[in-house]
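A.B. asks: please find the sequence and the predicted model below.
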Amino acid sequence: MLTEKQLRDLRAAVPSPILDPSHPDFDKARRIWNGMIDRRPSAIVCCTGISDVMRAVQFVRECSVPFTVRGGGHSIPGNSVADGALMIDLSHMKNIQVNMRRQSAVAQAGMTWKEFDAATEKSKLATTGGVISSTGIAGLTLGGGLGWLMGKHGLAADNLISADIVTAEGRHVRASVYENPDLYWAIRGGGGNFGIVTAFEFRLHHLEAVRGGVILYPRNRAIDLLRRYRDIIESAPDELTAYAALMTGHGTPMAAIALCHSGENDAPEATAQFLLSDSPVADLTGRKKYSEIQSMLDFTAPPGLHYYFTCPFLQSLTDEAISAIVEQCDSMPTEQSQVVIEHMHGGQPCAPCRYGLRPASHSVQHQYYAGMGSGGSHRKVHRLGQKVRCDSARVRRVGRLCKLSQRRGRGRCSRILWRKLRSAPVFEGKIRSRKRIPLQSEYWASRAVV
């Protein structure tokens, strides 16, 4: 915990608002998307620009104060907040500049994909950016960044042109193919262990509309639907990205396909090919704006629930794996829980990066949810560790597990897009800034410490 003197020194060093536990907005500011994470930092620095971040890092370095960094606040394992640590909160940094001529955008690290897509869609431009629109652009990109456009345009990290970073020394550097290329390689899939990224420059792609949506079938058709899904995606074009899910809707067990076809030509057959011989419970597919596809699954992940994720990886989705997955769904602890199968394919990086899961073909996410008012259900989610390890082991035994998947006993509750942050007073990375480098534009320069 910060002492009174340290808190006074922090307020003197950083001009942005600083919330301590006595502040009326403190409880709201410390909360993140995963309601299971209930931690109390010693104070929260509400950064409004890169200069605030630099001063905050210099302070924690000089005082040896443990700290965490919050971007969009969507960290499933709760890496953005820790008991007794100082939180450097970037969620108020939400400026964005879209360059239509270069087809690029510079966005600050506090933005969510919903906000980013709203800005780029006005220019009929888009980039890969997750499947839940409340996810922050920072954490998703630094972890790799799956999304609806990954087949055609690569991961979010593949579309990162450059980044503004505050190093462990509290200095600003830029990372790109041409400047600090080792750091540029590391942040594209390596997580938040190399510095605090305050701004991202993304490559954008022309996109007016897509075809996609959700198809729902009763659970007793799950095996047939998953086999159809597997057979289609094995030879699917890069323009098609599809996920399969097993969940419960209003008390009824369901199986679903969520998909997006981003080809230049309208392709009704892209959605029709997933239909079985009998009619679905609902077919919600059609021609849509990209932002609609980006937010169509938001209802499955509302903020504040208790979330516990585990995620083994498979190189192939065999009949045995499908049977094991469907069988395990019968023992999900809450109605909100679900299993999601993500297909990773297509777009290769234009430059080498740290993301190491490309050999895997599928991720199988066990997503266990419980609401705050669900009696003892949220305690079930807390106690799922032992059971989840057994379930995941069974799925791996019947499929070929990617050798680069998570090690036994490590990080099983993390989604593949997120990496375990090291809990150290200061960053332990060996990257060191060599010289002062100008920011990406005059706009960002106005926020730097000279």
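C.D. replies: That came in fine, so what should we check first? Numbering: from 1, shown residues only.
A.B. asks: where in the stretch 151-300 of the chain is pLDDT low?
C.D. replies: The stretch 151-300 of the chain contains no residues with pLDDT under 70.
A.B. asks: one more time with 80
C.D. replies: Judged by pLDDT under 80, the stretch 151-300 of the chain has its weakly predicted residues at 191-193, 265-266.
A.B. asks: show me where it has its strands.
C.D. replies: Counting by DSSP state E, counting those that start in this stretch, the stretch 151-300 of the chain has strands at residues 160-166, 172-176, 196-203, 205-206, 210-218, 240-249, 252-261, 282-283, 286-288.
A.B. asks: CSV for those, including mean neighbour count and distance to Leu90?
C.D. replies: Where C-beta positions appear, they are placed from N, C-alpha and C, glycine not excepted. As requested, the strands of the stretch 151-300 of the chain are exported to CSV (neighbours: other CB atoms under 10 Å; distance: least, CB to CB, whole Å):
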stretch, mean neighbour count, distance to Leu90
strand 160-166, 24, 10
strand 172-176, 22, 14
strand 196-203, 25, 7
strand 205-206, 14, 26
strand 210-218, 22, 30
strand 240-249, 23, 29
strand 252-261, 23, 29
strand 282-283, 16, 39
strand 286-288, 14, 31
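A.B. asks: nearest to Gly110, out of those?
C.D. replies: Among those, the nearest to Gly110 by CB to CB is strand 196-203 (9.1 Å).
A.B. asks: what secondary structure does Arg40 sit in?
C.D. replies: coil (DSSP: H, G, I helix; E, B strand; the rest coil).
A.B. asks: and the gap between the closest residue to it other than its chain neighbours and Ala109?
C.D. replies: Excluding the flanking residues, the one nearest Arg40 by CB to CB, 6 or more residues apart in numbering is Asp83, at 5.7 Å. Between Asp83 and Ala109 the computed distance is 23 Å (CB to CB, to the nearest Å).
A.B. asks: host element of the residue nearest the centre of the chain?
C.D. replies: Nearest to the mean C-alpha position of the chain, by CA atoms, centre = their mean, lies Leu140 at 3.3 Å. Using DSSP states H and E, the element containing Leu140 is helix 137-142.
A.B. asks: what distance separates that helix from the middle of the whole chain?
C.D. replies: Put simply, helix 137-142 sits 6 Å off its chain's centre (CA atoms, centre = their mean, to the nearest Å).
A.B. asks: now do that helix: everything it contacts.
C.D. replies: If you take CB atoms under 8 Å, 6 or more residues apart in numbering as the criterion, helix 137-142 is touched by 71-72, 74-75, 80, 90, 107, 109-113, 116, 129-130, 156-157, 160, 187-192, 197, 200, 417-419.
A.B. asks: try it again with 7 Å
C.D. replies: Outside helix 137-142, the residues that touch it by CB atoms under 7 Å, 6 or more residues apart in numbering are 71-72, 74-75, 90, 107, 109, 111-113, 116, 129-130, 156-157, 160, 187, 191-192, 197, 200, 417-418.
A.B. asks: just those residues: which are in helices?
C.D. replies: Taking DSSP state H as the definition of helices, these contribute 113, 116, 187.
A.B. asks: my guess is the second one contacts Val106. True?
C.D. replies: No. When contacts are counted by CB atoms under 7 Å, Phe116 is not listed as touching Val106 (10.9 Å).
A.B. asks: and the two? Which one has more around it.
C.D. replies: Phe116 (26 against 22; other CB atoms under 10 Å).
A.B. asks: if we can go back for a sec, so what sits against both of Phe116 and Val106?
C.D. replies: Common neighbours of Phe116 and Val106 (CB under 7 Å, 6+ apart) are Ile96.
A.B. asks: let's see the helix holding Leu140 as PDB, backbone CA atoms only.
C.D. replies: Extracted in PDB, the C-alpha atoms of helix 137-142 (Å, rounded to 0.1, in the frame of the first residue of the first chain):
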ATOM      1  CA  ILE A 137      -7.900  -2.600 -28.300                       C
ATOM      2  CA  ALA A 138      -4.700  -2.800 -26.200                       C
ATOM      3  CA  GLY A 139      -4.900  -6.100 -24.500                       C
ATOM      4  CA  LEU A 140      -6.300  -7.900 -27.500                       C
ATOM      5  CA  THR A 141      -3.600  -6.600 -29.900                       C
ATOM      6  CA  LEU A 142      -0.700  -7.300 -27.500                       C
END
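A.B. asks: much appreciated, bye for now.
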